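>>> below are the sequence and a predicted model for it; my questions follow.
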Amino acid sequence: MIGRVAVAEAQSLERLNQLLSRLRERVPFYRDRLPTGGLESLHQLAELPLTTKEDFRQTYPYGMLAVPLPEVVRIHASSGTTGRPVITGYTRADLDLWAECMERVYRAGEVGPGDVVQNAYGYGLFTGGLGFHIGAERLGCTVIPTSSGVTQRQVMLMADLGTTVLTCTPSYALVLAEAIAAEAQRPPLKLRVGFFGAEPWSDGMRRQIQYGLGLEAFDIYGLTELGGPGVAVECHEHNGLHIFEDHFLAETVDPETGVPVPRGEPGELVLTSLRREASPVLRYRTRDRTILTDEPCPCGSPFVRMLKVHGRTDDMIVVRGENVFPSQIESILLAIEGLTANYQIVVDREAKQLDSLEVVVEAAPHTDHDRLQELAAERIRETIGLRAEINVLPPGVLPRSEGKAKRVIDRRSV
């Protein structure tokens, strides 16, 4: 085991030094920020500068490219609604590597030739749709490129075409599960595996998805700045996501100071792409909060695991001096039998300049709303230390999302 780790570290160090050389030579943004020589140890990675989303926006559109534009065969961009989008480019070799990583994602769920993959991630500039598409085609699967939306048609195709693998956001997976449950007669489905990502989701949400769709749900991880999905995936143990360390170096840092934290302690995930040609990135701050662990996994994978993302540092809201993450609220709600994963958090400021916290959540049919309200308020007060007004609604009242769900409405700045 020690020998294998040493070989992997030596390979990563070699690729890291090759990356640093390319960045110095080809990306002006990095040129003056990097040491002139190579590193002697991976421990020196912490001495290198961090890269942020704002750096991508300041160098928009092509300032982070490490190859001439004619070598870029595809461009994707972030789906953010504020500021300039993050641009990421791909050479032909980058697309091949991306397809290889996405093939690994599918193989984690034992997907292969003969499987029918219904890809309900959005196509276009968003990386999800085409990322899952090329991985499935490389593996020899039959791909149904439905993209997101038109839910009733999705369910019809799922049944008629014998879909065995579903890919979409977890929020949209719940929408599909609701649509199936609403059918007068449950359609005959062959669903076996689902890969869900692009937003944080809890194990409680996993249980609802698995029950509603009758499949095994896998968490996946990726982001536009690192090339899209295909950075990490769960195995059948569902106890963390294995990061593809031959392609990406992973660290965690203190979100306030940027100083690295030891394995096993919570921090902000930082990633370095080792093999991308067009848009390589060094020590990118993902804003995702997780824990990295080197503990052996029963599946036998040699790769480090990141525990399920439990929130983003930029999703955190401060209510009456307390840090609150939507994922905390979700975990509390879904631990209460009778509540669903359809919820919104509303933060407002009262006349006395005090913050108010309201949680609006849908309940399952034929449940006692008063009892659920009392129980949810009590659990939130015990867990987070805040009093919240709980508003329990019947099914189907809150808006549904075909992509990432909007969980927080902050009216304090309106």
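Thanks, I have it.
>>> point out where the stretch 301-414 of the chain drops to low pLDDT.
Within the stretch 301-414 of the chain, the stretches with pLDDT under 70 are 351-353, 413-414.
>>> same thing but 80
310-311, 313-315, 320-323, 350-354, 402-403, 413-414 (pLDDT under 80).
>>> would you map the strands across it?
For the stretch 301-414 of the chain, applying DSSP state E, counting those that start in this stretch gives strands covering 305-306, 317-319, 322-324, 339-349, 355-363, 389-393, 408-410.
>>> can you lay out these as CSV showing distance to residue 178 and mean neighbour count?
(C-beta placed from N, C-alpha, C; glycine too.) Shown next, in CSV, are the strands of the stretch 301-414 of the chain (distance: least, Cβ to Cβ, whole Å; neighbours: other Cβ atoms under 10 Å):
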stretch, distance to residue 178, mean neighbour count
strand 305-306, 30, 24
strand 317-319, 27, 15
strand 322-324, 27, 16
strand 339-349, 8, 20
strand 355-363, 10, 19
strand 389-393, 14, 18
strand 408-410, 22, 14
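>>> now the ones you listed as a markdown table including distance to residue 138?
Putting the strands of the stretch 301-414 of the chain into a markdown table (distance: least, Cβ to Cβ, whole Å) gives the following:
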| stretch | distance to residue 138 |
| --- | --- |
| strand 305-306 | 24 |
| strand 317-319 | 41 |
| strand 322-324 | 41 |
| strand 339-349 | 32 |
| strand 355-363 | 39 |
| strand 389-393 | 44 |
| strand 408-410 | 37 |
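>>> closest one to residue 155 among those?
Across those, residue 155 has its closest neighbour in strand 339-349 (18.0 Å, Cβ to Cβ).
>>> give me the helices and strands touching the closest one, please.
With contacts defined as 3 or more Cβ pairs under 8 Å, 6 or more residues apart in numbering; DSSP states H and E, strand 339-349 has these neighbours: helix 170-182, helix 203-213, strand 317-319, helix 326-334, strand 355-363, strand 408-410.
>>> then it to PDB, C-alphas only?
The C-alpha trace of strand 339-349 is given here as PDB (Å, rounded to 0.1, in the frame of the first residue of the first chain):
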ATOM      1  CA  LEU A 339     -42.100  16.200   5.600                       C
ATOM      2  CA  THR A 340     -40.700  16.300   2.000                       C
ATOM      3  CA  ALA A 341     -37.600  17.700   0.300                       C
ATOM      4  CA  ASN A 342     -39.700  20.600  -1.200                       C
ATOM      5  CA  TYR A 343     -38.900  23.500   1.000                       C
ATOM      6  CA  GLN A 344     -37.800  27.200   1.000                       C
ATOM      7  CA  ILE A 345     -36.000  29.300   3.600                       C
ATOM      8  CA  VAL A 346     -37.200  32.900   3.900                       C
ATOM      9  CA  VAL A 347     -35.200  35.400   5.800                       C
ATOM     10  CA  ASP A 348     -36.600  38.900   6.500                       C
ATOM     11  CA  ARG A 349     -35.900  41.800   8.800                       C
END
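>>> contact partners for residue 261?
By Cβ atoms under 8 Å, 6 or more residues apart in numbering, residue 261 lies in contact with 252, 253, 254, 267.
>>> excluding its backbone neighbours, what's nearest it?
Sequence neighbours aside, residue 267 is the residue nearest to residue 261 in space, at 4.1 Å (criterion: Cβ to Cβ, 6 or more residues apart in numbering).
>>> just checking, that neighbour touches residue 252?
Yes. Contact status for residue 267 versus residue 252: in contact at 3.2 Å, counting by Cβ atoms under 8 Å.
>>> please convert the helices and strands packed on strand 339-349 to TSV, extending it with distance to residue 237.
Formatted as TSV, these follow (distance: least, Cβ to Cβ, whole Å):
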stretch	distance to residue 237
helix 170-182	19
helix 203-213	13
strand 317-319	32
helix 326-334	20
strand 355-363	30
strand 408-410	31
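>>> wait, a helix at residue 295?
No. Applying DSSP: H, G, I helix; E, B strand; the rest coil, one finds residue 295 to be coil, outside a helix.
>>> would you map out the domains in the chain?
The chain breaks down by automatic domain parsing into domains covering 1-313, 317-410.
>>> most neighbours per residue, which of these?
Per-stretch averages of neighbours, counted by mean count of other Cβ atoms under 10 Å, single out domain 1-313 among the domains of the chain, with a mean of 18.
>>> could you list every helix and strand that the least confident helix or strand in the chain by mean pLDDT packs against?
In the chain, the helix or strand scored least confidently by mean pLDDT, DSSP states H and E is strand 322-324, which has a mean of 79. With contacts defined as 3+ Cβ pairs under 8 Å, 6+ apart, strand 322-324 has these neighbours: strand 317-319.
>>> same thing but at 6 Å, please
Contacting strand 322-324 under the criterion 3 or more Cβ pairs under 6 Å, 6 or more residues apart in numbering; DSSP states H and E is no other helix or strand.
>>> and that strand, which strands flank it?
strand 317-319 (antiparallel) (DSSP bridges).
>>> so where do the helices sit in the chain?
Assigned by DSSP state H, the chain shows helices spanning 2-26, 28-31, 53-58, 92-108, 127-139, 151-160, 170-182, 203-213, 326-334, 369-384.
>>> want to throw these into TSV with distance to residue 188?
Written out in TSV, the entries for the helices of the chain read as follows (distance: least, Cβ to Cβ, whole Å):
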stretch	distance to residue 188
helix 2-26	46
helix 28-31	54
helix 53-58	45
helix 92-108	24
helix 127-139	23
helix 151-160	6
helix 170-182	11
helix 203-213	13
helix 326-334	28
helix 369-384	34
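>>> comparing those, which yields the minimum mean pLDDT?
Least confidently modelled of these is helix 2-26, at a mean of 86 by mean pLDDT.
>>> residues in contact with that helix?
With Cβ atoms under 6 Å, 6 or more residues apart in numbering as the test, helix 2-26 has contacts from 30, 31, 34, 38, 42, 66, 274, 280.
>>> how about a cut-off of 7 Å?
30-31, 34, 38-39, 42, 45, 66, 245, 249, 272, 274-275, 280, 282, 302 (Cβ atoms under 7 Å, 6 or more residues apart in numbering).
>>> in strands only, show me the residues you listed.
Residues of the contacts of helix 2-26 located in strands (DSSP state E): 249, 272.
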